[in-house]
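> Please find the sequence and the predicted model below.
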Amino acid sequence: MSLPVKPLEQAIEVETLHMTMRFGAFTALDDVSIRITPGSFHALLGENGAGKSTLVKCMMGFYRATSGEMLVDRREALVPDPRAAHALGLGMVYQHFTLVPSLTAAENLVVSRDDAPRVIDWRRERAALAEFMARMPFSVPLDQPVRALSAGEKQKLEILKQLYLGRRFLILDEPTSVLTPDEADEVLGHVKALCEAGEITVMMITHKFREVTAYADAVSVLRWGKLVGSALVSDLSHADMARIMMGEAELPDPAPRTGMPGDAVLSLKGARASDRSGLKQIVIDALEVRAGEVVGVAGISGNGQMELMEVLTGQRPLGAGSIEVKGAPYGASREEARVKCVRYLPEEPLHNACAPRMSVTENINFRSFDLNGSGRRFWLSGREMRTRAAELVAGFKVRAASLDAPMASLSGGNVQRAVLARELTGEVDLLVISNPCFGLDFTAVAEIRARIMAARNGGAAVLLMSEDLDEIMELADRVLVMSEGRIAYEKPIADAQIAEIGHHMGGYSA
Ligand SMILES: Nc1ncnc2c1ncn2[C@@H]1O[C@H](COP(=O)(O)OP(=O)(O)OP(=O)(O)O)[C@@H](O)[C@H]1O
């Protein structure tokens, strides 16, 4: 039986009781009981694969929990599907946007309603929207196509959409991943104010301790599918949170930067390519990455980084100009990448660097299943592939139900680890990587950054595209900013200022 939706301005309480989710013999969620009181801002922490997404998918009716139940305002709530969760007032906001880019904000709101009429009376809807917006503590431009909004405005619109749909318990799944720090603070500040006003209750999945301390009241921590701690945020330091998440495990020390850059490994000259819309050009007059050097490319996503990555991986043709690797023209075929020891980690690795339905073993062996060490072709046996996969899975701490599990069943962070295990193993002369730590927990971030630094110290040339300025400041020898398809700024890291980089990222180079 579904409960009636609460009227506006009333946050709801949600509680899970002994929630357990098994996938075959694997227990992803083990007897988890968490109460999120009305109007509170609850953070959910846990390492990659700890079970955070599984928990919220059970709460939202995407999965049917193997056992356990959920209470909404202390009454048993059945959620056989997401519609039932919505009817109870539960909604979800993701790290990636779910809005239709070509529609305006107003159109997005109206069409998202289950009861949206086939013929919309825009005069009536507009009046109702104006009344709704007047009651909201923040607004977004309603009449522009969503594609013209900044990432921060889009995320505010996602939250407004949930409120407009009458949702009073919001699950935020890493909601600030694609926002700048300022945008993240603005969005979370509004969310907190709504909680304090008693309008919504929030559960936020995050890997950022700073956000937990700044915005959440309470925190729950999952490890290996179990709830290992729930506490008030005011009682915990960042070190306490890390300890609860990791148990006894130790963080690796940051790898020191050693050695000086050598000869150019990658060089782009006069490169021109069309962007995804086909309307604008990517223009890179000169870009060089030398052996033993990390060149960081900062920029807000959508400013040509993805196209640059596609040019370097051979997925986007050059209209003019040249790419050279180790002094010879480079066309980025699989064979050339192998011979020249070029490795990639593209954006969204599950779709761009994996076969999602194939197993972890197969995906980890993609590069090497038909080669031996000397480059001659021969086929690795099934057993050799498994042994190799098992070693890499252990070395990079990939958490999967088994080596035979399809890649798509891994948590986001574990897909990232598995692809990095494949790409960072063996001889690497040029590494082209995009947001390598996106969605990774802090232990994995430390490990992966140490591995990137080790590859650099070992003589690899690294082109690091990242939206995380801290990452660039930590790893890069030189920083560039891409803005509107061009390199708008370039400095050795020692002379670079975060504020100045941020300024150029925003496109204010004049
Ligand atoms: N459909 C599925 N089939 C098999 N195993 C699954 C499935 N969904 C999740 N798992 C496994 O359950 C575990 C928990 O995954 P989950 O996505 O909940 O982790 P998470 O805490 O959200 O991690 P991340 O921070 O990386 O997003 C993982 O080991 C994952 O491989």
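Yep, that arrived.
> isn't residue 344 right next to residue 424, touching?
No - taking contacts as C-beta atoms under 8 Å, residue 344 lies outside contact range of residue 424: 11.0 Å. From N, CA and C alone the C-beta is placed, and that goes for glycine too.
> any shared contact partners between these two?
Common neighbours of residue 344 and residue 424 (criterion: C-beta atoms under 8 Å, 6 or more residues apart in numbering): residue 431.
> how far does stretch 125-144 sit from the chain's center?
29 Å (C-alpha atoms, centre = their mean, to the nearest Å).
> For that stretch, buried residues please.
Buried residues in stretch 125-144, counted by 16 or more other C-beta atoms under 10 Å: 125, 129, 133, 136, 138, 140, 142.
> how about the CA coordinates for that stretch, as PDB?
What follows is stretch 125-144, C-alpha atoms only, in PDB (Å, rounded to 0.1, in the frame of the first residue of the first chain):
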ATOM      1  CA  GLU A 125       1.800  26.200 -16.300                       C
ATOM      2  CA  ARG A 126       3.800  29.400 -16.300                       C
ATOM      3  CA  ALA A 127       1.600  30.900 -13.500                       C
ATOM      4  CA  ALA A 128       2.000  27.800 -11.500                       C
ATOM      5  CA  LEU A 129       5.700  27.700 -12.000                       C
ATOM      6  CA  ALA A 130       6.100  31.400 -11.000                       C
ATOM      7  CA  GLU A 131       4.200  30.600  -7.800                       C
ATOM      8  CA  PHE A 132       6.400  27.600  -7.200                       C
ATOM      9  CA  MET A 133       9.600  29.500  -7.800                       C
ATOM     10  CA  ALA A 134       8.500  32.400  -5.600                       C
ATOM     11  CA  ARG A 135       8.400  29.900  -2.700                       C
ATOM     12  CA  MET A 136      11.900  28.500  -3.400                       C
ATOM     13  CA  PRO A 137      15.000  30.000  -1.800                       C
ATOM     14  CA  PHE A 138      16.900  30.000  -5.000                       C
ATOM     15  CA  SER A 139      16.100  30.100  -8.700                       C
ATOM     16  CA  VAL A 140      17.500  29.400 -12.200                       C
ATOM     17  CA  PRO A 141      16.700  31.100 -15.500                       C
ATOM     18  CA  LEU A 142      13.500  29.400 -16.600                       C
ATOM     19  CA  ASP A 143      13.400  30.400 -20.300                       C
ATOM     20  CA  GLN A 144      16.800  29.500 -21.600                       C
END
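> mind listing the helices for the stretch 51-200 of the chain?
52-59, 82-87, 105-111, 122-135, 151-164, 181-196 (DSSP state H, counting those that start in this stretch).
> Deepest-packed of those, please.
The highest mean neighbour count among the helices of the stretch 51-200 of the chain, using mean count of other C-beta atoms under 10 Å, belongs to helix 52-59: a mean of 24.
> same for it, what does it pack against?
strand 14-23, strand 26-36, strand 41-46, strand 67-72, strand 169-173, strand 201-205 (3 or more C-beta pairs under 8 Å, 6 or more residues apart in numbering; DSSP states H and E).
> who's in contact with that helix?
14, 16, 19, 21, 28-29, 32, 34, 44-46, 63-65, 68, 70, 79, 85, 90, 92, 171, 173, 203, 205, 222, 225, 411-412.
> what do you get if the cut-off is 7 Å, keeping everything else the same?
Where contact means C-beta atoms under 7 Å, 6 or more residues apart in numbering, the residues beyond helix 52-59 that reach it are 14, 16, 19, 21, 28-29, 32, 44, 46, 63, 65, 70, 85, 90, 171, 173, 205, 222, 411.
> got the residues of the chain near the ligand?
23, 26, 28, 46, 48-54, 399-401, 405, 409-414 (C-beta under 6 Å from any ligand atom).
> pLDDT below threshold where in the chain?
Applying pLDDT under 70 to the chain picks out residues 1-9, 249, 251-252, 367-380, 506-510.
> tell me the domain boundaries of it?
Following automatic domain parsing, one gets these domains for the chain: 14-246, 263-341+429-436+460-510, 350-426.
> Can you give me the end-to-end span of the first one?
The reference is to domain 14-246. With C-alpha to C-alpha, to the nearest Å applied, domain 14-246 spans 27 Å between its terminal residues.
> distance of residue 261 from the ligand?
Remark: distance between residue 261 and the ligand (C-beta to the nearest ligand atom, to the nearest Å) = 34 Å.
> Strands of the stretch 201-350 of the chain, residue ranges please.
Ranges of strands in the stretch 201-350 of the chain, per DSSP state E, counting those that start in this stretch, are 201-205, 218-223, 226-232, 264-274, 281-290, 293-298, 320-325, 328-329, 342-345.
> mind listing what's buried in the fourth one?
Put plainly, it is strand 264-274. Across strand 264-274, burial judged by 16+ other C-beta under 10 Å covers 264-268, 271, 273.
> Quickly run through the sheet partners of that strand, with directions.
strand 281-290 (antiparallel), strand 320-325 (antiparallel) (DSSP bridges).
> Could you identify which of those strands is most buried?
strand 281-290 (a mean of 19).
> Need the contact partners of it.
So strand 281-290 is contacted by 261-275, 295, 304, 307-308, 461-463, 485-487 (C-beta under 7 Å, 6+ apart).
> For residue 432, pull up the helix or strand it's in.
strand 430-434 (DSSP states H and E).
> Touching the next helix or strand after that strand from outside, list them.
Next helix or strand after strand 430-434 toward the C-terminus (DSSP H and E): helix 442-457. Contact partners of helix 442-457, identified using C-beta under 7 Å, 6+ apart, comprise 47-48, 207, 242, 246, 249, 251-252, 254-255, 257-259, 292-294, 413, 417, 420, 424, 428, 431, 436-437, 440, 462, 471, 474-475.
> Tell me what angle helix 442-457 forms with strand 430-434.
If you take axes from the mean of the first three to the mean of the last three C-alpha atoms, to 10 degrees, helix 442-457 sits at 150 degrees to strand 430-434.
> how many neighbours does the nearest residue to residue 210 once chain neighbours are set aside have?
The shortest distance from residue 210 to any non-neighbouring residue, by C-beta to C-beta, 6 or more residues apart in numbering, is to residue 238 (8.0 Å). Using other C-beta atoms under 10 Å, the number of residues around residue 238 comes to 12.
> State whether residue 238 and residue 211 are indeed in contact, as I suppose.
No - taking contacts as C-beta atoms under 7 Å, residue 238 lies outside contact range of residue 211: 11.2 Å.
> Thanks again, I'm all set now.
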